[in-house]
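> Build me a structure from this.
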Amino acid sequence: MQAPSVGGVMLPRGNGQSVRLSRGASLTDFAEKIGANPASLVGVMMNLGEMVTATQSVSDETLKLLADEMNFILEIVSPEEEDRELLESFDIEFGEDEGGEESLVARPPVVTVMGHVDHGKTRLLDAIRKTNVVAGEAGGITQHIGAYQVTTEVNEEERKITFIDTPGHEAFTAMRARGAKSTDIAILVVAANDGVMPQTIEALNHAKAADVPIVVAVNKIDVEGADPTKVRGQLTEFGLVAEEYGGDTMFVDISAKQGLNIESLLEAVVLTADASLDLRANPEQDAQGIAIESHLDRGRGAVATVLVQRGTLRVGDTMVVGDAYGRVRAMLDDKGENVEEAGPSTPVLVLGLTNVPGAGDNFLVVDEDRTARQIAEKRAARERNVRFARKGVRFSLENLDEALKAGLVQELNLIIKGDASGSVEALESSLLQLDVGEEVDIRVLHRGVGAVTESDIDLATGSDAIVIGFNVRAAGRAQQMAEREGVDVRYYSVIYQAIEEIEAALKGMLKPEYEEVELGTAEIREIFRSSKLGNIAGVLVRSGEVKRNTKARLLRDGKVIAENLTISGLRRFKDDVTEIREGFEGGINLGNFNDIKIDDVIATYEMREKPRG
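From the prediction side, this is the model:
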């Protein structure tokens with residue numbers, strides 16, 4: 001097999017050789033790896049029916065197409081691996097405790113509360129923290145991710161537990177999964193009166209996927225119809241067997257509303273951690289951990305809640321969080337008080353970052369501001385390339401024009417702005433999972449934290465996008481600009497309201513589907529012949545009603561003889577009429593169709609638009 005040739009230039013053949021590329025790489029990146037001219041790779045892509053420039057970020061599929069053509073094996077480097085390689089280039093090891101066993105000290109367990117919506121997750125955290133979060137939440141749903149540390153007494157010893165408060169509705173699957181990854185133990189809240197529900201199973205699967213031990217809190221034991229035993233039985237089917245049934249899962253019956261058995265639940269968490277986990281970290285090294293939540297604060301700029309996983313974070317440290325960096329100006333604990341340092345398993349709010357990082361981004365402390373800036377810039381460039389690669393929908397040159405002309409491809413473009421990165425990410429994830437058939441695509445052109453700005457409206461104007469503001473409004477002149485340009489800006493404070501409305505809009509973009517609706521049937525009793533109109537059927541309407549200008553088919557002995565006929569004339573005695581109802585007689589003319597016999601049945605119908613379910 002010959003090597004591909006473009007314009008007489010022979011290109012290298014891979015002969016099964018591997019090429020490693022990062023997500024969102026360009027043809028220039030590919031050319032560098034194989035020692036080819038980028039322009040010649042553009043030519044190869046044109047031969048394959050793809051229009052791609054040399055410096056454009058392209059999708060994994062496009063890179064694979066090119067690699068296959070040139071007999072190379074393509075390896076796409078995962079974002080985690082790429083990040084590890086980036087940090088290694090700065091001699092930084094992420095995710096490892098430095099020093100030997102003697103450097104490690106015990107740390108508090110990090111706990112995520114999961115479960116079905118309305119089963120009392122927020123009220124449980126409320127009871128644990130003795131504060132009232134529920135009152136401030138729209139629709140009673142947790143809208144932000146926070147983290148809190150509490151103290152309990154076990155065997156006359158004070159023990160700390162850190163809680164990550166992740167939203168509970170299914171829309172937050174992405175965040176909840178991420179929450180579980182930074183978690184040591186999951187508390188599964190199940191209402192004693194409802195039992196196991198779909199989201200209970202979903203939460204359980206997330207915890208199992210993250211390989212974390214589970215403590216079950218059977219809530220609402222004070223409610224009528226509560227049956228904690230039934231909950232234990234139901235969860236046995238999913239592999240959670242209570243200790244009293246010979247299993248190894250601790251079940252605690254509680255009432256978050258009454259504050260019953262909360263201490264017992266905390267004790268169960270500590271005992272589970274002691275029994276099945278080795279929770280230790282080195283507090284002396286440079287701090288590393290994960291961003292749980294972040295938002296833009298009007299007075300304080302970009303702020304992020306971070307969970308320290310190893311090392312100790314101090315005021316004045318230079319840190320990198322995802323593609324944000326900065327020097328820690330101040331740190332606040334979960335009670336809003338200033339702290340100077342935070343050790344392993346401690347959540348703190350950090351001030352001093354250049355921009356808002358994403359929920360789930362890892363953070364690390366570095367020696368110099370310059371190093372932090374370089375790492376952040378490289379991460380930002382990588383993310384930008386991935387987004388550009390994702391943005392374009394792939395078509396070959398042959399069918400692109402036809403697809404656009406035929407309207408086969410329709411897209412709903414969105415720009416999402418919110419008050420916190422976790423919520424924005426969850427909303428984007430949920431919207432991209434909407435499935436309303438293959439005819440309509442959804443594209444998130446931009447997402448970000450903060451108010452809707454003029455640049456958002458500019459982008460929306462140029463791309464016919466809808467702007468979604470989640471717990472934020474348009475800032476300054478952006479609202480007037482949106483009105484002037486006719487940009488649709490929608491504001492939401494509850495996440496599923498946004499999902500429902502966008503789903504309805506998507507369904508509205510679908511081509512209408514029609515279904516046949518039977519209107520009436522008429523039996524032919526006599527046939528009248530007219531030199532002007534041809535054969536006229538004398539009929540008795542057996543069911544429904546027969547209307548003029550509707551579609552009809554002719555049945556003889558139950559078989560369809562003719563389709564797609566039209567009721568072109570209707571008469572009652574000597575009068576022209578528009579319809580004849582059941583039980584009445586009349587005359588029907590089927591236009592040019594004359595092959596009718598006595599006892600034939602004329603069935604009339606119309607095509608109605610079918611509502612999208």
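
> Please make it C-alpha for all contacts and neighbour counts, starting now.
Will do.

> could you show me where the strands are in the stretch 151-300 of the chain, in order?
Assigned by DSSP state E, counting those that start in this stretch, the stretch 151-300 of the chain shows strands spanning 157-165, 185-191, 214-219, 251-253, 280-281, 288-297.

> Now render those strands as CSV, adding distance to residue 551.
Converted to CSV, the strands of the stretch 151-300 of the chain look like this (distance: least, C-alpha to C-alpha, whole Å):
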stretch, distance to residue 551
strand 157-165, 61
strand 185-191, 56
strand 214-219, 61
strand 251-253, 66
strand 280-281, 78
strand 288-297, 60
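
> Please convert the ones you listed to CSV, extending it with mean neighbour count.
Listed next are the strands of the stretch 151-300 of the chain as CSV, based on neighbours: other C-alpha atoms under 10 Å:
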stretch, mean neighbour count
strand 157-165, 19
strand 185-191, 27
strand 214-219, 28
strand 251-253, 22
strand 280-281, 21
strand 288-297, 25
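
> Out of those strands, the one nearest residue 318 is which?
strand 288-297 (11.6 Å; C-alpha to C-alpha).

> now that closest one and strand 157-165, what's the angle there?
50 degrees (axes from the mean of the first three to the mean of the last three C-alpha atoms, to 10 degrees).

> Which residue of the protein lies farthest from its centroid?
residue 531 (68.2 Å; C-alpha atoms, centre = their mean).

> burial count for residue 78?
Residue 78 has 12 neighbours, counted by other C-alpha atoms under 10 Å.

> dump the residue contacts of it.
For residue 78, the contact set (C-alpha atoms under 8 Å, 6 or more residues apart in numbering) comprises 22-23.

> Regarding it, what are the backbone dihedral angles?
Main-chain torsions, residue 78, degrees, to the nearest 10: phi -70, psi 150.

> Could you look up the SS state of residue 461?
helix (DSSP: H, G, I helix; E, B strand; the rest coil).

> pLDDT score for it?
With respect to pLDDT, residue 461 scores 79.

> Distance of the residue farthest from the centre of the chain relative to residue 212?
Distance check for residue 531 against residue 212: by C-alpha to C-alpha, to the nearest Å, it reads 87 Å.

> Check residue 116 too.
Counting by C-alpha to C-alpha - residue 116 and residue 212 are separated by 18 Å.

> ok so, going back, and the strands of the stretch 151-300 of the chain: which comes nearest residue 38?
strand 288-297 (38.8 Å).

> what's that closest one in contact with?
94-95, 144-147, 164, 179, 182, 302-311, 321, 356-365, 419-422, 449-450.

> That one: what's the following helix or strand?
Going down the chain from strand 288-297, the next helix or strand is strand 301-310, by DSSP states H and E.

> Each with direction, which strands does that following strand pair with?
Using DSSP bridges, strand 301-310 pairs in its sheet with strand 288-297 (antiparallel), strand 347-353 (antiparallel).

> Now mean pLDDT and distance to residue 499 too, for the ones you listed, in TSV please.
Listed next are the strands paired with strand 301-310 as TSV, based on pLDDT from 0 to 100; distance: least, C-alpha to C-alpha, whole Å:
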stretch	mean pLDDT	distance to residue 499
strand 288-297	85	22
strand 347-353	93	30
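
> Adding distance to residue 428, write the ones you listed out as JSON lines.
Formatted as JSON lines, those follow (distance: least, C-alpha to C-alpha, whole Å):
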{"stretch": "strand 288-297", "distance to residue 428": "16"}
{"stretch": "strand 347-353", "distance to residue 428": "24"}
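
> between the ones you listed, which gets nearest to residue 153?
That would be strand 347-353 among these, by C-alpha to C-alpha, at 20.3 Å.

> Check which residues of that closest one are buried.
By neighbour count on 16 or more other C-alpha atoms under 10 Å, the buried set for strand 347-353 is 347-353.

> what does stretch 250-265 give?
Along stretch 250-265, these residues count as buried under the neighbour rule (16+ other C-alpha under 10 Å): 250-256, 260-262, 264-265.

> out of these, who's nearest residue 477?
Nearest to residue 477 among these, with distances taken as C-alpha to C-alpha, is residue 256, at 46.1 Å.

> That closest one against residue 222, yeah?
No - here residue 256 does not reach residue 222: they are 9.5 Å apart, not a contact under C-alpha atoms under 8 Å.

> And the helices in the stretch 351-500 of the chain, which stretches?
Per DSSP state H, counting those that start in this stretch, the stretch 351-500 of the chain carries helices over the ranges 369-391, 397-406, 421-432, 454-463, 478-485, 495-509.

> Closest to the centroid, which residue in this protein?
Central residue of the chain (C-alpha atoms, centre = their mean): residue 429, at 1.7 Å.
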